[in-house]
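[1] Need a 3D model of the sequence below.
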Amino acid sequence: MFKIISDGGCDFTNEEAKKLDVTVVPFYISFDQNSHLKEGIDISNEDYFNRLATEKNLFPKTAQPNPQDYIDYYTPALEAGLDIIAITISSKVSGSNNSANIAADILRNDFPARTIEVIDSLNGSVGQGLILREMIKMRDAGFSLKRTVKLAKEVLKTTRIYFTVESLEYLKKGGRIGPTTALVGGILGLRPILQLVDGEVSQLDSVRGKKNSLRLINEAMVYAVQDAKADVRIGIGHIRSESDAASFKSKMEADLGIEIDTPITCVGAAIGTHTGPGALAFAYCKKYEAIIEEIERVATVA
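    Numbers count the residues shown, from 1 in each chain. So this is what the prediction gives:
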C-alpha cells in the first residue's frame, strides 16, 4: 500500500484531496515579501484572487514548498508503514520537484525499508490534476507502487494543457512577455494561447478576443481527441471565470458526444499568479486503461 502526495500545483481543493485520500503540500504566497501564507490553509484561492482582481497595484510572489515541508508531510506516512509516490508541478517552472527529491533523499536514510518515488509531472494545474486522478484510480484498483509509477509516467507523456488569459498584465509582471508586447497586445485586444511543452511555457498563438481564443482551443482539443474520445480524460480550470469554463465544457461535450466527468477546477496560485483573474486552463490526457491496452497490443504483435 502506498500514499499519494502532490504539491499544490494539482489545484485540488482541500475537500477533494481529503475525499480522494491525497495529501497536498501547499505553495506559499507573499504580499509583502516577508510574511508567507500557505495556499489553501492561511488563505483560500477565492480570497487570493479576489485581492488580485480588486487591488490593481498588488503583485504577490509565490514560493515552492521547501524540503522541510515535504519531510513534514512524508514522515507520518512512512511512520505508518506506507510507501510514497509524490508528484509535483513541472520542474522547469518551479523548484518544488527539487524540494520533494531532497526530502526523499534525507528520509530514505531514516526509513530504509520504505520506498519514496518522486514524479515530475512536466505539467501543472488541471494537467497535473489529470495525471494525479489517474494515479488515484490505479491505487484504488490495487496496483503496486512500481506499476503505478510506470503507468503515470506514460500518462504524463500524453498530457497536454492550454491556457488563455484575460489580461497581459500578469504575464508582463512575471517576465513572461515584455512591456511593449503587453502594451500592443492590450491595445489590440490580443489574448495569447499558452501551452506547456516538455514542462516549459510557450506561446501557441495569439488571437483577438476571448471568443476567438476559446474557439481555437476548442477546435484544437476536439481535433486531437475525437478519434479516441473514449480513451481520454479532459480537465477544465478557471480563475473567477466559472461561466466561461462551464460553457466551454458544454461545447466540448456537444462536439465530442461525451460527458466530461472531471469537475471544473479553480486554478491555484502556482500558475494563477502568472496568468491573473479571468484565466482559463484546458487539458487532456490518455486514461491509464487505454495505455495498458496499447502496451498489451504491442506485446501481442511482437
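[2] ok, for residue 41, nearest residue in space, not its chain neighbours?
    Leaving aside its sequence neighbours, residue 41 sits nearest to residue 26 (C-beta to C-beta, 6 or more residues apart in numbering; 5.8 Å). C-beta coordinates here come from the backbone N, C-alpha and C atoms, glycine included.
[3] That neighbour reaches residue 65, doesn't it?
    Yes - in this structure, residue 26 is within contact of residue 65 by C-beta atoms under 8 Å, at 6.8 Å.
[4] anything in contact with each of these two?
    Here residue 26 and residue 65 share the contacting residues 7-8, scored by C-beta atoms under 8 Å, 6 or more residues apart in numbering.
[5] ok, the two, which is more surrounded?
    residue 65 (26 against 22; other C-beta atoms under 10 Å).
[6] could you list every residue that touches the more buried one?
    Applying C-beta under 8 Å, 6+ apart, we find residue 65 in contact with 7-8, 25-28, 96, 99-100.
[7] can you check residue 62 too?
    Contacts of residue 62 (C-beta under 8 Å, 6+ apart): 27-30, 39, 269-270, 273.
[8] Kindly recompute the last result at 10 Å.
    Shown in contact with residue 62 (C-beta atoms under 10 Å, 6 or more residues apart in numbering): 8, 27-30, 36, 39, 48, 94, 174, 268-274.
[9] In helices, which of those fall?
    Here DSSP state H is the test, and the contacts of residue 62 give 48, 269-274 as lying in helices.
[10] now, among the residues you listed, which is nearest to residue 120?
    For those, the minimum distance to residue 120 (C-beta to C-beta) is 14.3 Å, reached by residue 270.
[11] Number of residues surrounding the closest one?
    As a burial measure, residue 270 scores 28 neighbours (other C-beta under 10 Å).
[12] Report the separation between it and residue 90.
    Taking C-beta to C-beta, to the nearest Å as the measure, residue 270 falls 10 Å from residue 90.
[13] same thing with residue 150?
    Residue 150 sits 20 Å away from residue 90, going by C-beta to C-beta.
[14] the more surrounded of these two?
    Using other C-beta under 10 Å as the criterion, residue 150 and residue 90 rank with residue 90 on top: 24 against 14.
[15] Test my guess that that one contacts residue 98.
    No - between residue 90 and residue 98 there is no contact under C-beta atoms under 10 Å: 11.7 Å.
[16] okay, and the common contacts of the two?
    Common contacts of residue 90 and residue 98, defined by C-beta under 10 Å, 6+ apart, comprise residue 120.
[17] Would you confirm that residue 260 contacts residue 126?
    No - taking contacts as C-beta under 10 Å, residue 260 lies outside contact range of residue 126: 11.4 Å.
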